[in-house]
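Undergrad: 3D model of this:
(2 chains)
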Protein chains: 2
Amino acid sequence: MPYFDAASAAPLHPVARQALLAALDEGWADPARLYREGRRARLLLDAAREAAAEAVGCRPDELVFTPSGTRAVHSGVSGALAGRRRVGRRLVVSAVEHSSVLHAGEAHAAAGGELVEVPVGRTGAVDPAVFAAALGEGTALACLQTANHEVGTEQPVAEVAAACRAAGVPLLVDAAQSLGRGPVPEGWSLLAASAHKWGGPAGVGLLAVRKGVRFAPQGPSDERESGRAPGFENLPAIVAAAASLRAVRAGAAAEDARLRALVDRIRTRVPELVPDVEVVGDPVRRLPHLVTFSCLYVDGETLLSALDREGFSVSSGSSCTSSTLTPSHVLRAMGVLSEGNVRISLPDGTEEADVDRFLAVLPGVVAAARDRLGAAPAPAAAPVDEVVVDALGKRCPLPVIELAKVIGTVRVGGTVVVLADDAAARLDIPAWCEMRGQEYVGEAPPHTYTVRRTS
Amino acid sequence: MPYFDAASAAPLHPVARQALLAALDEGWADPARLYREGRRARLLLDAAREAAAEAVGCRPDELVFTPSGTRAVHSGVSGALAGRRRVGRRLVVSAVEHSSVLHAGEAHAAAGGELVEVPVGRTGAVDPAVFAAALGEGTALACLQTANHEVGTEQPVAEVAAACRAAGVPLLVDAAQSLGRGPVPEGWSLLAASAHKWGGPAGVGLLAVRKGVRFAPQGPSDERESGRAPGFENLPAIVAAAASLRAVRAGAAAEDARLRALVDRIRTRVPELVPDVEVVGDPVRRLPHLVTFSCLYVDGETLLSALDREGFSVSSGSSCTSSTLTPSHVLRAMGVLSEGNVRISLPDGTEEADVDRFLAVLPGVVAAARDRLGAAPAPAAAPVDEVVVDALGKRCPLPVIELAKVIGTVRVGGTVVVLADDAAARLDIPAWCEMRGQEYVGEAPPHTYTVRRTS
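TA: Purely as a prediction, here's the structure:
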């Protein structure tokens, strides 16, 4: 049963499992104690820290273990902001950061700080010059991911780091998606990552803070992890995380090349096999194992359920699969289609045959979902000047389906006005126009979108 | 090799280990996902929450899992304080709470809140009437442990809960030391606990908040654990924690009776076997498995090392074994001797023979340590009116050793003035006087303690 959602979580790496079992026996005691069980635990903790620091490219005393990648980001952002409180309260992040970064930014803004989101282009990457320009007066901290978790696009971290250095602003790099795959670009001041993205167990994140970076941990602290991550260390999991990181990185080069070829096959074949599909994210500067595409006229949840029945576990950034009723903030920031969105992230060891079977199954799954929603457009006999589509109260992908159904009923040069209050419409109606070669005239609040037929 | 520090950490319970291994296979996926691996993870998470809620005595939707007991306390305290911000900013805690509660209180005070510590008696218990009187105007939250982690004394939680209810103040109960041993007293509003105290793995705490208690989670949050514990759930560890809690509690009654008898033996025999010893904590209203005593004229670190060489792993609240150079805040609040402090907490399954071997070894270990420090008092030929002992710069237990050496050189009614800048002197000189039947006259700042010879 192929599992294609490695970017969410992956089964424990065999090396991690072995290390975890050994550390359950050897590393259960309090590493702060002086008796033999405590000393043994301390040795394991020190060794894990050294291994992780080597992978990160920092000194062991610059790195602490946290209970998750999310906690590493939260502690890193709040500590760095507090450490530079005197400089100012401006926090600059890319618009496509992981939600943990954005949540930390929202908490900062709620407490009176300033949050600036740097926009991205259609591939999902920031422009280093735009990022640099955002580093205005009073910037306490900037955050940038190494690669995006939803579309795989790599960010220009080295260039942005150089701009941050020039502006005297520390840069927190979220390396969650890439640390298991190879070296982190130079120039970061703080780095956060999450073990269960590299085959380690849940419950372990890491936060590295370069010596010399002003850092003031927020909230209550204790004597553990240099005062930066309170609470009893989750030592067996930490040991397993470090072992897994080393093992995964040792095999990364070969596996990445293999997965990159499989993803290239998906990127090429999906638009050939399925009509009205947009493959998003940078085709070259990208994570090797991750690809995302969106399908017009179909909702993400239906796709996911149908693929699940066929044995494929995938993820989606469509609004219709989340509890928030808004499309993924990443797709929104990129300005790309969000309906019928599918993210595939291949775990290490994914078989070529499973990818081929996915490609064989996908066209039928999409076609069936489209049929169910009656998505086939039917041109009318006598074209008119304007049609108004009332899709108020209808959820994604229905507004776009209604639009597509009637576009043939207006004359070339005529317009379709769509009334739609689903949040995804703002993204998906312009995206539909671009994909179908029609003109997006614009949006008139509230909930009115105008499209001109040009072909 | 007997390990007598179960109150710090314990090896994973066999049931927890088995559950952990199964959940590593079945529960590694993201429980928020809709595909089969995610649904399987969700089922495990729901079942673990139900089991934990049953043990705690609350509804499953009142309970969230956190990355540690410390994090549960931090989140519980800050969320409850923020939820009642309009009522006031007074936080009332016992003086002998776990450091996680005191650290949360210090963070609250640093942010402009008010922190009130309720004193304890010589056994370590609060007086419910004194606690009730502290619940003054603007009290947002009160905190009380079920039992003390250093001396084992049970707190009068039911009585304090009644007082809190009468005052309209929510009570956070830290059940870390007792949840694995049986039901929690009624009347709590919030409850925190830690899995690795009941044979579960590190990395799991729990926080229960009764419906109706005003609670506003602080810091960035996400959609996980009802918005009260951000970050990917540590599911295999959560499953193991819940399984262990159930197993441990099932056997608690029988094991507690057995351990209580072993601890009673230690409480009785140690003062018979070792001169100048004070056994602290309530002899009856106490945890079954924990006992603490302090030995005059010897430092805790020497004792710990010597016991470690004999194969016994124990803990100590003496200043000389910590990096802070101050004695345990619990012993300080109780006003009892801190030097030569030893805490023994027996893990489930401790053998009678190991306790007997400990009792056989201890007298020699203490005597050797005292010899090494030259602690034998030598009365002089011609008693004088006053002797001044300059112990400035000398660390615990040397000031008390110097005092004991010269007390015989002054006449009955004469005084010894001890100059000592070690923090433990403030505790240990009065404690010595009480134990040796001498009169403690008082302290004159800075660092001057006067003792009158009365026998």
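
Undergrad: can you map out the strands along the stretch 101-250 of chain A?
TA: A:114-118, A:139-145, A:171-174, A:190-194, A:205-209 (DSSP state E, counting those that start in this stretch).

Undergrad: columns mean pLDDT and distance to residue B:295 on top of these, output as JSON lines?
TA: In this view, the C-beta of every residue, glycine as well, is placed from N, C-alpha and C. What follows is these, written out as JSON lines (pLDDT from 0 to 100; distance: least, C-beta to C-beta, whole Å):
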{"stretch": "strand A:114-118", "mean pLDDT": "98", "distance to residue B:295": "57"}
{"stretch": "strand A:139-145", "mean pLDDT": "98", "distance to residue B:295": "51"}
{"stretch": "strand A:171-174", "mean pLDDT": "98", "distance to residue B:295": "50"}
{"stretch": "strand A:190-194", "mean pLDDT": "97", "distance to residue B:295": "47"}
{"stretch": "strand A:205-209", "mean pLDDT": "98", "distance to residue B:295": "42"}
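
Undergrad: closest one to residue B:67 among these?
TA: Of all the strands of the stretch 101-250 of chain A, strand A:205-209 sits nearest to residue B:67, with 9.6 Å by C-beta to C-beta.

Undergrad: on that earlier part again, Throw the strands of the stretch 101-250 of chain A into TSV and include mean neighbour count and distance to residue B:114, thanks.
TA: As requested, the strands of the stretch 101-250 of chain A are arranged in TSV below (neighbours: other C-beta atoms under 10 Å in any protein chain shown; distance: least, C-beta to C-beta, whole Å):
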stretch	mean neighbour count	distance to residue B:114
strand A:114-118	18	31
strand A:139-145	26	30
strand A:171-174	30	34
strand A:190-194	29	34
strand A:205-209	29	32
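
Undergrad: ok, residue A:385 - contacts?
TA: A:410-411, A:414-415 (C-beta atoms under 8 Å, 6 or more residues apart in numbering or on different chains).

Undergrad: Serialize the strands of the stretch 101-250 of chain A to CSV and add fields for distance to chain B.
TA: Supplementary listing: those in CSV, determined by distance: least, C-beta to the nearest C-beta, whole Å:
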stretch, distance to chain B
strand A:114-118, 12
strand A:139-145, 13
strand A:171-174, 14
strand A:190-194, 7
strand A:205-209, 8
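
Undergrad: can you show me the helices along the stretch 351-455 of chain A?
TA: With DSSP state H, counting those that start in this stretch as the definition, the stretch 351-455 of chain A shows helices at residue ranges A:352-372, A:398-406, A:425-436.

Undergrad: what sits against the nearest residue to residue A:390 once chain neighbours are set aside?
TA: Leaving aside its sequence neighbours, residue A:390 sits nearest to residue A:419 (C-beta to C-beta, 6 or more residues apart in numbering or on different chains; 5.0 Å). With contacts defined as C-beta under 8 Å, 6+ apart, the neighbours of residue A:419 are A:388-392, A:447-449.

Undergrad: go through those and name the one nearest residue B:431.
TA: Within those, the smallest distance to residue B:431 is 75.8 Å, found for residue A:447 (C-beta to C-beta).

Undergrad: who's in contact with the residue nearest to that closest one when sequence neighbours are not counted?
TA: If you skip the residues right next to it in sequence, residue A:447 has residue A:421 as its closest partner in space, 4.6 Å away by C-beta to C-beta, 6+ apart. Under the criterion of C-beta under 8 Å, 6+ apart, the contact list for residue A:421 reads A:392-393, A:446-447.

Undergrad: what's around residue A:363, how many residues?
TA: The number of residues packed around residue A:363, counting by other C-beta atoms under 10 Å in any protein chain shown, is 16.

Undergrad: how about the helices in the stretch 151-300 of chain A?
TA: According to DSSP H, counting those that start in this stretch, the helices that the stretch 151-300 of chain A contains are A:157-167, A:235-250, A:252-273, A:300-309.

Undergrad: repeat for the stretch 1-150 of chain A
TA: Using DSSP H, counting those that start in this stretch, the helices assigned to the stretch 1-150 of chain A run over residues A:14-26, A:36-56, A:69-83, A:99-110, A:128-134.

Undergrad: any weak-confidence spans in the stretch 351-455 of chain A?
TA: Of all residues in the stretch 351-455 of chain A, those with pLDDT under 70 make up the ranges A:376-381.

Undergrad: re earlier: what's the closest of the helices of the stretch 151-300 of chain A to residue A:65?
TA: Using C-beta to C-beta, the nearest of the helices of the stretch 151-300 of chain A to residue A:65 is helix A:235-250, at 5.0 Å.

Undergrad: report the contact partners of the residue of the stretch 251-400 of chain A found nearest chain B.
TA: Proximity to chain B, evaluated over the stretch 251-400 of chain A using C-beta to the nearest C-beta, is greatest for residue A:313 at 3.7 Å. Under the criterion of C-beta under 8 Å, 6+ apart, the contact partners of residue A:313 comprise A:1-5, A:307, B:29, B:33, B:35-38.

Undergrad: which of those lies closest to residue A:351?
TA: Within these, distances to residue A:351 taken as C-beta to C-beta reach their minimum at residue A:2, with 7.6 Å.

Undergrad: what about the closest one, distance to chain B?
TA: The spacing between residue A:2 and chain B, counted by C-beta to the nearest C-beta, to the nearest Å, is 11 Å.

Undergrad: likewise for residue A:105?
TA: The gap separating residue A:105 from chain B is 8 Å, by C-beta to the nearest C-beta.

Undergrad: quick one, grab the pLDDT at that residue.
TA: According to the predicted model, the pLDDT of residue A:105 comes to 97.

Undergrad: residues in the stretch 201-350 of chain A within reach of chain B, list them.
TA: For the stretch 201-350 of chain A, the residues in contact with chain B (C-beta under 8 Å from any C-beta of the partner chain) are A:201-203, A:205, A:218-223, A:230-237, A:301, A:304-305, A:307-308, A:312-315, A:321, A:323.

Undergrad: so residue A:87 sits right up against residue A:140, yeah?
TA: Yes: counting by C-beta atoms under 8 Å, residue A:140 is a contact partner of residue A:87 at 5.4 Å.

Undergrad: spell out which parts of the stretch 1-150 of chain A neighbour chain B.
TA: Within reach of chain B by C-beta under 8 Å from any C-beta, the stretch 1-150 of chain A has these residues: A:1, A:3, A:5, A:8-12, A:17, A:20-21, A:24-25, A:28-30, A:33-38, A:67-71, A:74, A:78, A:99-100, A:103-104, A:106-107.
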